[in-house]
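Trainee: how would this look folded up:
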Amino acid sequence: MSGPRSEPNTMPRVVCCIGDTHGYINKLQSLWSNLRSLIDPQDFKTALIIFLGDYCDRGPGTRQVIDFLLRLPSTYPDQTHVFLCGNHDLAFAAFVGVLPRPPDEGFEFSEAWKEYEGNEDREGWFKGNGHEDMHLQGRRWGGTIKDRFNVAKGTEYKGSIYDAGPTFESYGVPHGSADLVKAVPDEHKKFLANLVWVHEEDDVCVKTDDGLIHCKLIAVHAGLERNKNVEEQLNFLRARDTRVPKVEALSGRKNVWDIPKELTENPTIVVSGHHGKLHVNGLRLIIDEGGGLEEKPVAAIVLPSMKIVRDTDVLAN
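Mentor: Residues are numbered from 1 along each chain as shown. This next block holds a predicted model:
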């Protein structure tokens, strides 16, 4: 594979990577308005928009966020929209029964619970209607956690370990109710079912200390594991293999923070959300300044300029 190429005298396509929204519809609307104001209209019209996942939970407007996202392709038909799956979205999809089934005929999701059964009591896994063959993350998402306070985040839990209570409420049902399956519209279920686990672009332009360069971009919610073969990871993510109880590329932390060494040898942008931080280090981009916290902004990064845009920015008209 060849290294990065210098940018010729053509205008590169604008790419916007939008961090975790977590049900904050007003923040998403404000961020979108700021992106539209900041970016040249023709560039915005044809931009590649990559949403980095976690559309649900914590904030009050999950239903409205998904409605907003569903309208984008018809409102902006010349844009390309990519909707990545976050760990919260995978769990939501699991609860309402729309995760893709594993390729193994006869595989039961319950087979994958065993590794984490020691956590069931503390995490309060869902035991209502439909739990018997539910993916582990759906049970964790729809359950009721015994702990009231999340020490790591310094916040109260909102129903479950995933803070899923506000998502149930946005669809008009109480937290942990199996009635959510009926309350979620079919178009929302289809949206959740079709979320991709990874997105790859072969030719993205980015501004560096050496000027504008072309390189590959890989977008994945949490990141790629640094000590595993990259192509094997990508094949797994492309296939959306739901046999595993926990998808590290969607929910890992320290093990997915850095760019795998083999990608540093052939410069590649790796962009993620998930981590509750804004981290721009070379070609490793982590865009989740808000972390689902009410007092923090939702952010995006615009390529090739590498400009950070937030919902809280006050832009001149």
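
Trainee: make it CA atoms for all contacts and neighbour counts henceforth
Mentor: Fine.

Trainee: Please identify the buried residues of stretch 225-238?
Mentor: By 16 or more other C-alpha atoms under 10 Å, the buried positions in stretch 225-238 come out as Glu225, Arg226, Val230, Gln233, Leu234, Phe236, Leu237.

Trainee: quick one: which helix or strand includes the fourth one?
Mentor: Element membership for Gln233, per DSSP states H and E: helix 230-239.

Trainee: Contacts made by the helix or strand following that helix with the rest, please.
Mentor: Where DSSP H and E defines the elements, the next helix or strand beyond helix 230-239 is helix 248-251. Residues from elsewhere that reach helix 248-251, judged by C-alpha atoms under 8 Å, 6 or more residues apart in numbering: Cys85, Gly86, Asn87, Trp197, Val220, His221, Ala222, Gly223, Leu224, Glu225, Val256, His274.

Trainee: Below-threshold pLDDT in the stretch 201-317 of the chain: ranges please.
Mentor: By pLDDT under 70, the weakly predicted segments of the stretch 201-317 of the chain are 316-317.

Trainee: ok so, going back, tell me which two of the contacts of helix 248-251 sit farthest apart.
Mentor: Cys85 and Glu225 (16.9 Å; C-alpha to C-alpha).

Trainee: and His88, backbone torsions?
Mentor: Dihedral pair for His88: phi -70, psi -40, per degrees, to the nearest 10.

Trainee: Revised request: answer the last question for Ile269.
Mentor: Per degrees, to the nearest 10, the backbone of Ile269 is at phi -70, psi 130.

Trainee: Could you count how many residues lie near Ile50?
Mentor: For Ile50, the neighbour count with other C-alpha atoms under 10 Å is 20.

Trainee: From Glu201, how far out is it?
Mentor: To Glu201, Ile50 is 11 Å away according to C-alpha to C-alpha, to the nearest Å.

Trainee: Out of the buried residues of stretch 225-238, which is nearest to Glu295?
Mentor: Scanning those for proximity to Glu295, where the rule is C-alpha to C-alpha, the winner is Glu225, at 30.6 Å.

Trainee: Apart from its neighbours in sequence, what residue is nearest the closest one?
Mentor: Nearest residue to Glu225, sequence neighbours excluded (C-alpha to C-alpha, 6 or more residues apart in numbering): Val256, at 4.6 Å.

Trainee: Then Pro260?
Mentor: Pro260 sits nearest to Arg226 (C-alpha to C-alpha, 6+ apart), 4.2 Å away.

Trainee: my read is the one you found is in a helix, agree?
Mentor: No: Arg226 sits outside any helix when classified using DSSP: H, G, I helix; E, B strand; the rest coil, being coil.

Trainee: my guess is it meets Lys254, correct?
Mentor: No: contact criterion C-alpha atoms under 8 Å: Arg226 and Lys254 do not qualify, at 9.5 Å.

Trainee: Report the distance from the helix holding Gln233 to the chain centre.
Mentor: Relative to its parent chain, helix 230-239 has a centroid offset of 17 Å by C-alpha atoms, centre = their mean, to the nearest Å.

Trainee: Would you state the strands of this structure in chain order?
Mentor: 5-6, 15-18, 48-51, 80-83, 149-150, 155-156, 199-208, 211-219, 268-272, 278-281, 284-287, 299-303, 307-310 (DSSP state E).
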